[in-house]
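K.L.:
my questions concern the predicted model and sequence given below.
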Amino acid sequence: MSDLSAYEQNCENISGVVELPVGLVKEMQVNGNKYALPIATTEACLVASANRGAKAISLCGGAISSIQRVGITRAPVFKIKNKKSQEWYENWFRENADAVQKCIKQTSLHTQWLGAKVLTDDEFVHVEMKFDTADAMGMNMATISAKRICDELLVPEWGGTLIATSGNLCSDKKASLRNATSGRGRMIKTSAEISIKVLSEVLKTTPKELLIVSEAKLKSGSRLAKAIGQNAHHANILAGVFIATGQDPSHIADGATGTTILQQTDTGIKITIEMPCILVGTVGGGTRLPTQNKWLQAIGLTQKNGTGKAADELAMVIGAGVLCAELSLLCAITSHDLASAHAQFRA
């Protein structure tokens, strides 16, 4: 594939490109391995801050990151006059799982059916379909499969009218309490324990001071704001990594609904990042663009035979990057260095 054809597959009426500086979070230790994480940003101090967090976690044994759940969703909506119960529709999917998977195979060999949840609202029936799309982020794969399932199976057997292939129950590219609690894409959990010594020497704070900021900012402030999720700036790292590696930046809207949790331990503090909606891939979409593909390679990711392991790994590394940035920012707030750091580096 030439560079031109790659761009033509991702954008219409191309008139140029936008250059953004990309900084590296170096030697970030995750699950016993070291990674470099690229961040495309114009915000001074962000990469330096994330590197400070990476240094801190590496000195304390690194971060542990895991995938809690996988599944991209697409939720068509139907208008059905004589609708059945929610239980009837979900039983239908269980009884016809083989037919649904056979229908999916006509659109994609890499898409696997994971099941469906059905919610009814007046005459409308919303069907949240869930798919495993391996190493692809898979939104287009899910949309195409969902449309075929509707046309070939649901409309003929259920009756009624397909109103929209996406009826917003899947909350694609927007924040929702449903996705924040149930998850969408990859739900990840990342944690690290930071010693009192590293908190003092590298991050310039103490467990007691850090926990006060956590209580005031993450819990109290987020609660009063009625925020979905409680975090300092998950969106910052998501945006930078998504742009650098060819992900869809609009999924920052649902991706940034995660929570940062701080707990005191006998030796310091434990920081945990829970992110319910990480939609990433290592194949397809913007990952085919030459520069973005090179940054994926710089992280050390390969397709891994389309098993989904590469996209899993990318999600876990992103989780660790978010943890590093959260830790460093919260400590900078605690030590009252945030404003002075930005004053020093501003243009």
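P.N.:
In hand now; what should we look at? Numbering: from 1, shown residues only.
K.L.:
quick check: mean pLDDT of stretch 206-219?
P.N.:
For stretch 206-219, mean pLDDT is 96.
K.L.:
tell me which residues in that stretch are buried?
P.N.:
Within stretch 206-219, the residues that qualify as buried by neighbour count (16 or more other Cβ atoms under 10 Å) are 206, 207, 210, 211, 213, 214, 217, 218. C-beta coordinates here come from the backbone N, C-alpha and C atoms, glycine included.
K.L.:
and it, how far from the chain's centre?
P.N.:
25 Å (Cα atoms, centre = their mean, to the nearest Å).
K.L.:
show me what residue 29 is bridged to.
P.N.:
residue 34 (DSSP bridges).
K.L.:
residues contacting it?
P.N.:
Residues counted as contacts of residue 29 (Cβ atoms under 8 Å, 6 or more residues apart in numbering) are 35, 54, 57, 58, 61, 62, 63.
K.L.:
what do you get for residue 223?
P.N.:
Going by Cβ under 8 Å, 6+ apart, residue 223 touches residue 230.
K.L.:
okay, the closest residue in space to residue 134 that isn't next to it in sequence and residue 329: tell me how far apart.
P.N.:
Across the structure, with Cβ to Cβ, 6 or more residues apart in numbering as the measure, the residue nearest residue 134 apart from its sequence neighbours is residue 308 (4.4 Å). If you measure residue 308 against residue 329 using Cβ to Cβ, to the nearest Å, the figure is 31 Å.
K.L.:
likewise for residue 85?
P.N.:
Distance, residue 85 to residue 329, by Cβ to Cβ: 48 Å.
K.L.:
same thing with residue 81?
P.N.:
To residue 329, residue 81 is 53 Å away according to Cβ to Cβ.
K.L.:
swap in residue 67?
P.N.:
25 Å.
K.L.:
measure how buried residue 147 is and give me the count.
P.N.:
A total of 16 residues lie near residue 147 under the criterion other Cβ atoms under 10 Å.
K.L.:
same deal with residue 308?
P.N.:
Using other Cβ under 10 Å, the number of residues around residue 308 comes to 22.
K.L.:
begin at 18 from here
P.N.:
In the new count, where the first residue is 18, that last one comes out as residue 325.
K.L.:
for it, list the residues it contacts.
P.N.:
If you count contacts by Cβ under 8 Å, 6+ apart, then residue 325 has 87, 149, 150, 151, 152 around it.
K.L.:
that older thread, so residue 98 and residue 346 - more neighbours on which side?
P.N.:
Applying other Cβ under 10 Å to residue 98 and residue 346 shows that residue 346 carries more neighbours, namely 24 against 8.
K.L.:
one step back: which of the buried residues of stretch 223-236 lies closest to residue 183?
P.N.:
The nearest member of the buried residues of stretch 223-236 to residue 183, counting by Cβ to Cβ, is residue 235 at 32.4 Å.
K.L.:
surely that closest one and residue 279 touch.
P.N.:
Yes: when contacts are counted by Cβ atoms under 8 Å, residue 235 is listed as touching residue 279 (7.4 Å).
K.L.:
which regions of the stretch 168-317 of the chain lie under the pLDDT threshold?
P.N.:
Residues of the stretch 168-317 of the chain meeting the criterion pLDDT under 70: none.
K.L.:
now the strands for it?
P.N.:
Using DSSP state E, counting those that start in this stretch, the strands of the stretch 168-317 of the chain run over residues 178-181, 202-212, 276-281, 285-295.
K.L.:
want to throw those strands into a markdown table with mean neighbour count and distance to residue 162?
P.N.:
Written out in a markdown table, the entries for those read as follows (neighbours: other Cβ atoms under 10 Å; distance: least, Cβ to Cβ, whole Å):
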| stretch | mean neighbour count | distance to residue 162 |
| --- | --- | --- |
| strand 178-181 | 13 | 14 |
| strand 202-212 | 23 | 16 |
| strand 276-281 | 18 | 31 |
| strand 285-295 | 24 | 20 |
